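Q: Sequence isn't available, so here's the structure alone:
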């Protein structure tokens with residue numbers, strides 16, 4: 001399967017045009033949050049994503065509220081809001097956790113992820129915030145990611161792919177925890193083959 005993943009678009013039309021072109025080679029599209037700048041132009045952006053005519057899975061970043069993004073997602077058959085949900089696509093399961101991005105621990109994430117039955121499932125975990133102490137959360141010499149996400153990825157070996165965004169400095173960077181590939185695909189998006 002080919003996934004076109006992106007994060008932190010922040011209304012950049014040139015990056016959106018790249019996503020529209022790359023989508024031709026993808027089976028599905030995943031947005032790891034921050035489509036907008038504090039929800040401005042959310043309607044036109046969601047309309048353009050709907051016209052790609054591929055399944056689009058989306059979570060909020062810290063620039064969208066869950067309520068607004070969920071409302072706009074419901075307008076289009078091919079856009080699937082999956083914040084605090086696990087959705088099946090073919091033989092894969094997409095688990096989404098959006099919003100935030102600044103706290104180092106999230107009890108709410110820990111409670112959500114405990115409910116995920118990951119045994120014998122091919123899970124792609126998508127969060128807006130990056131995991132702590134990885135190449136995806138490093139700004140200069142410091143790490144600012146989320147320890148709850150990192151601990152979950154260390155303990156759970158059934159996660160086949162992890163996608164996040166939030167720290168623009170790390171767009172395009174990859175890392176690995178156990179066998180799980182980690183990526184911040186950036187605003188122009190990356191095709192990931194799994």
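A: Received it, and whenever you're ready, just let me know what you need. Please read these numbers as outputs of a predicted model, since none were measured by experiment.

Q: Give me the most central residue, this protein.
A: Residue closest to the average C-alpha location in the chain (Cα atoms, centre = their mean): residue 32, at 2.4 Å.

Q: Next one: the closest residue in space to that one that isn't next to it in sequence relative to residue 145, how far apart?
A: Spatial nearest neighbour of residue 32, chain neighbours left out: residue 7 (3.8 Å); criterion: Cβ to Cβ, 6 or more residues apart in numbering. (Each C-beta comes from the backbone N, C-alpha and C, glycine too.) To residue 145, residue 7 is 14 Å away according to Cβ to Cβ, to the nearest Å.

Q: Residue 18 reaches residue 191, doesn't it?
A: No: counting by Cβ atoms under 8 Å, residue 18 stays clear of residue 191, with 11.2 Å between them.

Q: tally of neighbours for residue 14?
A: 8 (other Cβ atoms under 10 Å).

Q: contacting residues for it?
A: By Cβ atoms under 8 Å, 6 or more residues apart in numbering, residue 14 lies in contact with nothing.

Q: Provide the backbone phi and psi angles at it.
A: Dihedral angles of residue 14 (phi, psi; degrees, to the nearest 10) stand at phi -60, psi -40.

Q: Read off the pLDDT value for it.
A: According to the prediction, residue 14 has pLDDT 98.

Q: Distance check, it against residue 20.
A: 11 Å.
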